[in-house]
Structures are given as structure tokens and as C-alpha cells.
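Q: sequence plus the predicted model coming up.
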Amino acid sequence: MTDLTIAELNDLGRWCDDIGMFGQDRPINDTEKHEGTCVHRTDFCDKTCYNVKLYRIYPNMAKRDDRCETIWQKISNKNANVFKMWLDKKRKPTKRVRFMTRGEAIKDISDVYRVKAICEATPDTLWWLPTRAWRNVMLRSLIEIELMTLPNCAVNASFDPSNTEEEWKTMIDADWNIMFYGDDTQLHDPVYNKRKFLCPKTHKKMSGHCMDCKAGCFSQKTIGRTQIVHLSEH
């Protein structure tokens, strides 16, 4: 078993004031040691990703994300219990934690089981999982089977203006919650014309609200009640 330490998790996880919870990061682009994780990105991602700009301005950010990837690759169901010990030592709230504020949490099949192991090891924490891995049919099915059935994993399909009506219909019909970003005028979905839920954190500038929000990204899933969250542009 590969050792995983609390010190490493302190590097992997960082407090994010804007969302009011701890978050993790993985490299968005290829690094010297690792491949980038944003393999499910869209053309819109390539044109608008602000993290690409931040990487240029802050070279140490990319170096840290590279360290994070090394740590992430060590996680398994045999050592995920360290996450519980890590959370127990935190003085700031840990009732919710976000998977990946930079990069993609579900790059491949192995990541599905890393996420599952973490969630099962920390039943008192709700893990927020925005992802574009749904664009891979095999990964989408695996996420539905292994992660969406977990009571403490809030899965959100990440969408932008480049997604097609067919993709919208597929994911709404599959009862996935959706997070949309990139067009402040698109307040209804293009298939069923359902009004999107306006994210209080981005629309009302309620910094830290994500920790307490009970709607939107964290709404309870019920059949036929897909929640579509609209994030305002920066």
C-alpha cells in the first residue's frame, strides 16, 4: 500500500474563500511529470479558460498542481481513510469539500474509484463534483453507477455555450444536475425551456455562499427534477 500523509493532503487541499470550503487542484496542462487532466474540455474551454492565463502569471501555481497530481495518484481505497483524519484536524468548516477547482476530477476510470474511496471514507462530508467527464459515454455510465448513488457526492455536469441541444437533452433526460457558464443571456435550457437556477454566489456576489446553499449544485436529486445552475460570467 502506498502511504498517504496528512501533510500531503494539506498540499492537495486548500481553503477557497470565494466558495467557502476546501478545494483540490490538478494540472490543467501537461507538465514535466504528468499529463494535463482537462481531457474532456470543449472548444469554449480552450478559448476562455482563465487558469491558462494564471499559469503564465504565476508559474508556481503550475508547479503546485504538479505536486497535487503526484499526491492524487497515490489515493486508493486502502489509504483514503487519511482524508477523514485530515478533515478532523481542520478548524474551518469541512461539511462540504470541492473536487478540483482547477483541472478535472474524473480524467479516467481510475479517478472514479479514487473519488468513490474518498467519499466512502468521509461520510460526514458532502463532496462537490463538477465534471466534464460526462462527455465520455463510458465514464458517464460509470459515474452514474458508482458515484451518483453515493449520498455524499454532489455530481454536476459542467456545460457551456458550445454544448449542443442533443447533449442538453441527453443529460436532462438522464437526470443529471447541470452547471452552465459562459452566456449570461441564456437563462433557459435550449430543449425544454426550463428556467435555470441563478447561482447566488456568482449573481449576487455572495462570497462563501456555496458552503450553505441547499439548492442548485447541492439540490437533492429526484427523478425528472434536473437542476440547472446558471453561473454568471466574471
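A: Nice, thanks for sending it over.

Q: just checking, what packs against the helix or strand hosting residue 46?
A: Residue 46 is part of helix 43-48 when elements are defined by DSSP states H and E. Using 3 or more CB pairs under 8 Å, 6 or more residues apart in numbering; DSSP states H and E, no helix or strand is in contact with helix 43-48. The way it works is simple: take the backbone N, C-alpha and C, and place the C-beta from them, glycine included.

Q: list the buried residues in that helix.
A: Of the residues in helix 43-48, 44, 45, 48 count as buried by neighbour count, 16 or more other CB atoms under 10 Å.

Q: TSV please, covering the residues you listed and showing distance to residue 15 and pLDDT.
A: Listed next are those as TSV, based on distance: CB to CB, whole Å; pLDDT from 0 to 100:
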residue	distance to residue 15	pLDDT
44	29	95
45	25	93
48	26	91
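
Q: can you name the next helix or strand after the helix holding residue 46?
A: Following helix 43-48 toward the C-terminus (DSSP H and E): helix 50-57.

Q: in that following helix, what's buried?
A: Buried residues in helix 50-57 (16+ other CB under 10 Å): 51, 55.

Q: next one: the helix holding residue 46 to chain centre, how far?
A: Computed by CA atoms, centre = their mean, to the nearest Å, the chain-centroid distance of helix 43-48 equals 18 Å.

Q: count the neighbours of residue 130 for me.
A: 22 (other CB atoms under 10 Å).

Q: I'd say it and residue 217 touch.
A: Yes: at 7.4 Å, residue 130 counts as touching residue 217 under the criterion of CB atoms under 8 Å.

Q: where does pLDDT dip in this structure?
A: Applying pLDDT under 70 to the chain flags the ranges 1, 220-224.

Q: helices along that one, start to end?
A: In the chain, the helices defined using DSSP state H lie at 6-12, 43-48, 50-57, 59-72, 81-88, 109-121, 137-146, 165-173, 200-203.

Q: kindly reformat those helices as CSV containing distance to residue 156.
A: As requested, these are exported to CSV (distance: least, CB to CB, whole Å):
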stretch, distance to residue 156
helix 6-12, 21
helix 43-48, 16
helix 50-57, 18
helix 59-72, 20
helix 81-88, 21
helix 109-121, 13
helix 137-146, 11
helix 165-173, 10
helix 200-203, 14
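
Q: and residue 35, which of the ones you listed is closest to it?
A: helix 59-72 (8.8 Å; CB to CB).

Q: could you give the angle of the closest one to helix 109-121?
A: Helix 59-72 runs at 80 degrees relative to helix 109-121, counting by axes from the mean of the first three to the mean of the last three CA atoms, to 10 degrees.
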